[in-house]
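A.B. asks: 3D, please:
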Amino acid sequence: MDFKFVGVFNRGITIEMINDFIYEVDDSLKVYVNDELVLETKHNVFSIFDLKPTTNYVVKVEYKDEVSTHDVTTSEESYLLNVKDFGAYGDGVKNDTNAIQAAIMACPENGTVYLPKGTYFVTPLFMKSNITFYLSKDAILLADTNRNNYPVLKGMLRHNDEVNEHSLSSWEGNPLSSFASLITAIDCKNVNIIGEGTLNGNADKSDWWLNHRTKRIAWRPNIVFFNNCEYMNVAGLKIMNSPCWTVHPYYSDHLNFFNLFIKNPYNSPNTDGFDPESCTDILLLGTKISVGDDCVAIKSGKIYMAKNHFKRTDNVEIRNCHFERGHGSVTIGSEIAGGVTNVRINQCLFEETDRGVRVKTRRGRGEKSLLDNISFNNVLMNKVHMPMTFNMFYFCDPDGHSDYVQNQEYKPVTDMTPEIGHIIVKNTTCVGVDSAFLTAYGLPEKPIKKIELENVTASFLPEEDITPNTPIMMDNFAPLYGKTMWLGNVEEVSLNNVTINGAVDKEVTVNNVTNYNTNNLHIN
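C.D. replies: Model prediction:
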């Protein structure tokens, strides 16, 4: 079994095995560097750190009787700056913000800011271009719990010409003032944030999750926030206890996220794991996410940003990841007024989430809100209650329950009408389905263009374990109980080699579906 280097840094590398296994292989991988055993793992993606800059290494991976070997040369580093030389204590008590920020600002181009073992108690840190921020194993950035110590980023700046604007911050799709995040990067490029250390938002020891819908000074921060950045890499880190969305790239391009572990308590509100918003060329690879809301939520803002600062989220690749316990495994929306196109999810494990493939939008997102070419391939959903939901009546925002949003009758198409194009799910197995396998409800005036399933198998829980539930969050939609499929307002549904076992309600409900095509559909 061969492998490839997907990330090469000055003091570390990230490797991806080339195979068809989902997230991990069926037997142990032994990884050698210069003939020294450094790692045993089953994961398809893994990172090796504590390497030296500008050094050639021979990497060998053994899998059963197969051996693959490749050379790699780590990237250059101009200088290494130890934050303790700048006065950081790393004792978890004294505030190390100024010392670490000084090291960042003083770091020469292509230099590394190094955090050795220790707990560094800090308020938000701001990155700058062309550096590496390296957290060694057992290095912890621990966030201050006092919001009064946090800088506030203004949602929108008005240019002196009184015409142009610049957004510094975002809150749920609008340019609203928010607290700076533990790691904040604005207008940065060529930054690597890597290592085996931990970013701890410390929200479990604070009041961030209390009255979470109440603005207090400003809106809640993330742990990682990139704004107008490009060519950024984040690799190897554990990221936990976020006050809000955990990793939030915003109006940024060419970003790679490798081999992360993102964990928030299951009952922590709005703590999405990974939320790229109005971004292009994004790779999320080899990452495990277990959070209190959607594991991944791909976004592009609400209507103000789409009309005045239009940028579509495009070309997102999610591969060899494990998503568990969140509301949705991979969600598109609902703040998607700029649209989302060309998303590919491959070799991923969805486990015990409420929903697997989740698309949510509503009237009011606007005509630029095109969701198209969204594909899932080689996915295993284990005990995902409702594997596939496509909802164009999502009841979010202050007007979410209004007649305009929730009326299921035809309304005229306007510049506020969104669109869902082609969604593809192939080579996917769903085990332990609960209330419904697939639920899709498009707008009567703008039906979903096409839902395509090929080589998909679903098996329900035993009937006594199935619970009625409403798979799509909208008004006036009755709960479903062990339902095969409910399809409404779709132009084309293509089911090729689809098998559904153990459903209580075996009938497929088809309402206003123009072309309903089945080839080898088996309902048992």
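A.B. asks: got the contact list for the residue nearest to residue 300 when sequence neighbours are not counted?
C.D. replies: Closest residue in space to residue 300, ignoring its immediate chain neighbours: residue 338 at 3.3 Å, by CB to CB, 6 or more residues apart in numbering. C-beta: built from backbone N, CA, C; applies to glycine. Contact partners of residue 338, counting by CB atoms under 8 Å, 6 or more residues apart in numbering, are 278, 300, 301, 305, 306, 310, 311, 312, 313, 368, 369.
A.B. asks: tally of neighbours for the second one?
C.D. replies: It stands for residue 300. 31 (other CB atoms under 10 Å).
A.B. asks: mind listing what it touches?
C.D. replies: Here residue 300 is in contact with 277-278, 306, 311-313, 335-340, 369 (criterion: CB under 8 Å, 6+ apart).
A.B. asks: mind jotting down where the strands sit in the stretch 201-350 of the chain?
C.D. replies: For the stretch 201-350 of the chain, the strands defined by DSSP state E, counting those that start in this stretch occupy 224-227, 230-235, 238-240, 247-250, 253-258, 261-263, 280-285, 288-290, 296-298, 313-319, 322-324, 328-333, 340-351.
A.B. asks: so how far is the last one from its chain's centroid?
C.D. replies: When distances are taken as CA atoms, centre = their mean, to the nearest Å, strand 340-351 is centred 10 Å away from the chain's centroid.
A.B. asks: can you check the second one too?
C.D. replies: Centre-to-centre, strand 230-235 and its host chain are 15 Å apart (CA atoms, centre = their mean).
A.B. asks: also the first one?
C.D. replies: Offset of strand 224-227 from its chain centre (CA atoms, centre = their mean): 13 Å.
A.B. asks: among the strands of the stretch 201-350 of the chain, which is nearest residue 138?
C.D. replies: strand 238-240 (10.8 Å; CB to CB).
A.B. asks: now the closest one: mean pLDDT?
C.D. replies: Average pLDDT, strand 238-240: 98.
A.B. asks: against which helices or strands is that strand packed?
C.D. replies: strand 198-200, strand 261-263 (3 or more CB pairs under 8 Å, 6 or more residues apart in numbering; DSSP states H and E).
A.B. asks: repeat that with 10 Å
C.D. replies: strand 139-143, strand 198-200, strand 261-263, strand 288-290 (3 or more CB pairs under 10 Å, 6 or more residues apart in numbering; DSSP states H and E).
A.B. asks: in its sheet, which strands sit next to it, and in what direction?
C.D. replies: Sheet pairing of strand 238-240 (DSSP bridges) gives strand 198-200 (parallel), strand 261-263 (parallel).
A.B. asks: which one of those lies nearest to residue 13?
C.D. replies: Per CB to CB, nearest to residue 13 of the strands paired with strand 238-240: strand 261-263, 17.9 Å.
A.B. asks: what pLDDT, on average, does that closest one get?
C.D. replies: On average, strand 261-263 scores 98.
A.B. asks: what segments of the stretch 351-500 of the chain are strands?
C.D. replies: 355-360, 370-382, 386-391, 419-420, 422-433, 436-441, 448-460, 483-501.
A.B. asks: can you tell me which residues contact residue 514?
C.D. replies: 447, 489, 490, 491, 492, 493 (CB atoms under 10 Å, 6 or more residues apart in numbering).
A.B. asks: tabulate the helices and strands packed on strand 238-240 (JSON lines), appending mean neighbour count and distance to residue 240.
C.D. replies: Below are these laid out as JSON lines (neighbours: other CB atoms under 10 Å; distance: least, CB to CB, whole Å):
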{"stretch": "strand 139-143", "mean neighbour count": "23", "distance to residue 240": "10"}
{"stretch": "strand 198-200", "mean neighbour count": "23", "distance to residue 240": "5"}
{"stretch": "strand 261-263", "mean neighbour count": "21", "distance to residue 240": "5"}
{"stretch": "strand 288-290", "mean neighbour count": "23", "distance to residue 240": "10"}
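A.B. asks: can you redo the ones you listed as JSON lines with distance to residue 415?
C.D. replies: Listed next are the helices and strands packed on strand 238-240 as JSON lines, based on distance: least, CB to CB, whole Å:
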{"stretch": "strand 139-143", "distance to residue 415": "42"}
{"stretch": "strand 198-200", "distance to residue 415": "41"}
{"stretch": "strand 261-263", "distance to residue 415": "37"}
{"stretch": "strand 288-290", "distance to residue 415": "35"}
